[in-house]
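Chemist: Just need the structure, nothing else, for what follows:
(chains A and B)
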Amino acid sequence: MQIQKPRGTYDIIPSEINKRKYVEDTAKKVFSNFNFSEIRTPTFENTQLFKRGIGEETDIVSKEMYSFSDGEFTLKPEMTASVIRAYLENSLYNEAPLQKLFYISNMFRAERPQKGRFREFSQFGAEAIGSGDYTIDVEIIALADAILKALGVTEFTIKLNTLGTIEERKVYLDELRKYFKQHEPVLSETSKVRLEKNPLRILDTKNPEEIKLLENAPVLYDFLNDATKTHFQNVLSSLDALNIKYEVDYKLVRGLDYYSHTTFEFISTALGAQSAILGGGRYDLLVEMLGGKPAPAIGFAAGIERILILLEEKAKEKHFTFPEEPRLNLYIVNAGLKDNTKIQKLLLSLRAAGIKCESDFLSRSVKSQMKEANKLNAEYTIVIGESEIETGKGKLKRMSDGKEISAELGRIYDDIMLFEEISNKQNAD
RNA sequence: GCGGAUAUAGCUCAGCAGGUAGAGCGUCAGAUUGUGGCUCUGAAUGUCACGGGUUCGAGCCCCGUUAUUCGCCCCA
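Modeler: Residues are numbered from 1 along each chain as shown, chains lettered A, B, ... in the order given. Down below sits the predicted model:
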């Protein structure tokens, strides 16, 4: 048996790489337009960072981490904790009061793979650290929205909620606990555990009986104070003004402990069980939890594989095409030269001039090389054999229409330019 | 961690009452002397996922393993 890739991982072969590049490049462009700066952090961190930053009781930390060296280190399961750690460790707060950071990176979670879920997966995301102003909430949501739209992803719904502050939530959680205690027999085993540790997450249940229970459960929003409500309403009215459509979902809770105030998810209608393509929210306490001077922050992360699934489906239905890699400019056919250093010399000078070019390395026939040039979608070909070497001249052929002009081997670059010029003129006439 | 489905050439798949495999696409090579795309001709490639069992005989039946996939949990 051959060795296979580990479960939940994938190879990106050359014929597929353009898709991923498209997503990454598009995201980068939009991040840059929003004046977010890229940050990169190590692939693994001290396990303690995630335990403190994400929360011991979360699924990610309690059962999905890839840890090694006796648990000392862990492959990063998400980026936010790492970014905050780097923000603190490099004292970025001293460089500017507001840091707008973005990342594109792979993550690791030991989950059971299924559609749109892998053990090694990629996210792009942003973190804005230093502002508690609602305007940055809007900026972050608008940024996420802009990237998806720039990518050509349109079939999604933005769901918004506010989780308030810890103090507000405390009061609410007591009420919620009381409510669920009354109905404890109906609760599932996992919900019973959550009742003790994090009752908020029961709101996230998919169990039909529990959903029924939720209808009469106390609603968090009723327990929030005016400042919190105003913050949230300001976010909503700004989004209205920006023409960004959303749905408020008071049952939207997120799986990570650090969220407060605004939270959101971008849900696709076309993805199956893993419908969230992007998620995020405000986390005003995380910086302090990780040992820094308190700083409010908000961020999001988007699943690249899930976005790719959506785009691939659109491409299949011809509603979308991925950009291709730049084509080969020139293929030099070796017509029986045993010593190919002359050709390689040519290749080198052309490549140095920015021409993407290729020749034969299999000693194949002229015909085969022409076929190869055609397969590679080369713009031009030139056949070089003994006589071309002697005369220093050859015939430059344009593959799109088969036209040829004579070219000097010493100045193929110029001849290609000349070719374009001549035919442009002809087209103009 | 728990359920369901699947596992035949690089890809998509066919195969049968159980008699040691086929198509299309792709790849490669040819169709007169050093020139592609269309067409035609030909070729290569499979321990039919792995291990065991039933049988005179298994890709096809049974068991196990592994992998893939969809779902539960949770998340991007």
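
Chemist: what's the burial count for A:Lys397?
Modeler: When neighbours are counted by other CB atoms under 10 Å, A:Lys397 registers 24. Where C-beta positions appear, they are placed from N, C-alpha and C, glycine not excepted.

Chemist: Next, the buried residues of the helix or strand containing it.
Modeler: Under the criterion of DSSP states H and E, A:Lys397 resides in strand A:393-398. Within strand A:393-398, the residues that count as buried by 16 or more other CB atoms under 10 Å are A:Gly394, A:Leu396, A:Lys397, A:Arg398.

Chemist: ok, what's across the strand from the nearest residue to the second one once chain neighbours are set aside?
Modeler: Using CB to CB, 6 or more residues apart in numbering and skipping the chain neighbours, the partner closest in space to A:Leu396 is A:Ala407 (3.9 Å). In this structure, A:Ala407 bridges to A:Gly394 when assessed by DSSP bridges.

Chemist: can you pull out the strands in the stretch 51-200 of chain A?
Modeler: Read by DSSP state E, counting those that start in this stretch, the stretch 51-200 of chain A holds these strands, from start to end of the chain: A:67-68, A:73-75, A:99-108, A:120-129, A:156-162.

Chemist: how close does the residue of the stretch 51-200 of chain A found nearest RNA strand B sit to A:Arg109?
Modeler: Residue of the stretch 51-200 of chain A nearest RNA strand B, by CB to the nearest atom of the strand: A:Lys115 (2.8 Å). Going from A:Lys115 to A:Arg109 by CB to CB, to the nearest Å gives 15 Å.

Chemist: same check, this time on A:Lys425
Modeler: When A:Lys425 is compared with A:Arg109 (using CB to CB), they lie 59 Å apart.

Chemist: Compare neighbour counts for these two and give me the winner.
Modeler: Shown here are A:Lys425 and A:Arg109; by other CB under 10 Å, A:Arg109 has more neighbours (21 against 9).

Chemist: in the stretch 201-350 of chain A, which ranges drop under the pLDDT threshold?
Modeler: A:208, A:255, A:272-274 (pLDDT under 70).

Chemist: which residues sit against the strand or helix carrying A:Arg351?
Modeler: Element membership for A:Arg351 (DSSP H and E) is helix A:341-352. Contact with helix A:341-352 is made by A:329-330, A:332, A:334, A:337, A:357-359, A:384, A:389, A:409, A:412-413, as judged by CB atoms under 8 Å, 6 or more residues apart in numbering.

Chemist: in it, what counts as buried?
Modeler: Those would be A:Ile343, A:Leu346, A:Leu347, A:Leu350, for helix A:341-352 by 16+ other CB under 10 Å.

Chemist: isn't A:Lys115 right up against A:Ala270?
Modeler: No - using CB atoms under 8 Å, A:Lys115 and A:Ala270 do not qualify as a contacting pair, with a distance of 11.2 Å.

Chemist: and stretch A:356-370, which residues are buried?
Modeler: For stretch A:356-370, by 16+ other CB under 10 Å, it's A:Cys357, A:Glu358, A:Ser359, A:Asp360, A:Gln369, A:Met370.

Chemist: Determine which two of those are furthest apart.
Modeler: A:Cys357 and A:Met370 (15.0 Å; CB to CB).

Chemist: how about stretch A:59-67, does it get close to RNA strand B?
Modeler: Yes - against RNA strand B, stretch A:59-67 shows contacts by CB under 7 Å from any atom of the strand at A:Asp59, A:Ile60.

Chemist: what about that stretch, how long is it end to end?
Modeler: The first residue of stretch A:59-67 is 14 Å away from its last residue (CA to CA, to the nearest Å).

Chemist: Mind checking the pLDDT average for that stretch?
Modeler: The average pLDDT within stretch A:59-67 is 89.

Chemist: and it, how far from the chain's centre?
Modeler: Relative to the chain's own centre, stretch A:59-67 is displaced by 21 Å; criterion: CA atoms, centre = their mean, to the nearest Å.

Chemist: contacting residues around that stretch?
Modeler: Stretch A:59-67 has contacts (CB under 8 Å, 6+ apart) with A:47, A:50-51, A:54-56, A:73-75, A:77-78, A:108-111, A:255-256.

Chemist: how about the residues of the stretch 101-250 of chain A near RNA strand B?
Modeler: Residues of the stretch 101-250 of chain A lying near RNA strand B (CB under 7 Å from any atom of the strand): A:109, A:111-118, A:121, A:123, A:190, A:201, A:204-207.

Chemist: For the closest residue to A:Tyr172 other than its chain neighbours, give me its contacts.
Modeler: With sequence-adjacent residues excluded and distances taken as CB to CB, 6+ apart, A:Tyr172 is closest to A:Phe223, at 4.0 Å. Counting by CB under 8 Å, 6+ apart, A:Phe223 touches A:Gly164, A:Glu168, A:Arg169, A:Val171, A:Tyr172, A:Glu175.

Chemist: surely the last one meets A:Pro218?
Modeler: Yes - under the criterion of CB under 8 Å, A:Glu175 lies in contact with A:Pro218, with a separation of 4.6 Å.

Chemist: for A:Phe50, what are its contacts?
Modeler: A:Phe50 makes contact with A:Ile60, A:Val61, A:Met65, A:Thr74, A:Lys76, A:Pro77, A:Glu78, A:Ala81 under the criterion CB under 8 Å, 6+ apart.

Chemist: Look up how far A:Arg411 lies from the residue positioned nearest the centre of chain A.
Modeler: By CA atoms, centre = their mean, chain A has its centre lying nearest to A:Phe124, at 3.4 Å. Distance of A:Phe124 to A:Arg411, computed by CB to CB: 44 Å.

Chemist: A:Gly281 too?
Modeler: 60 Å.

Chemist: These two: who's more crowded?
Modeler: Legend: neighbour count by other CB under 10 Å for A:Gly281 and A:Arg411, higher for A:Gly281 (26 against 13).
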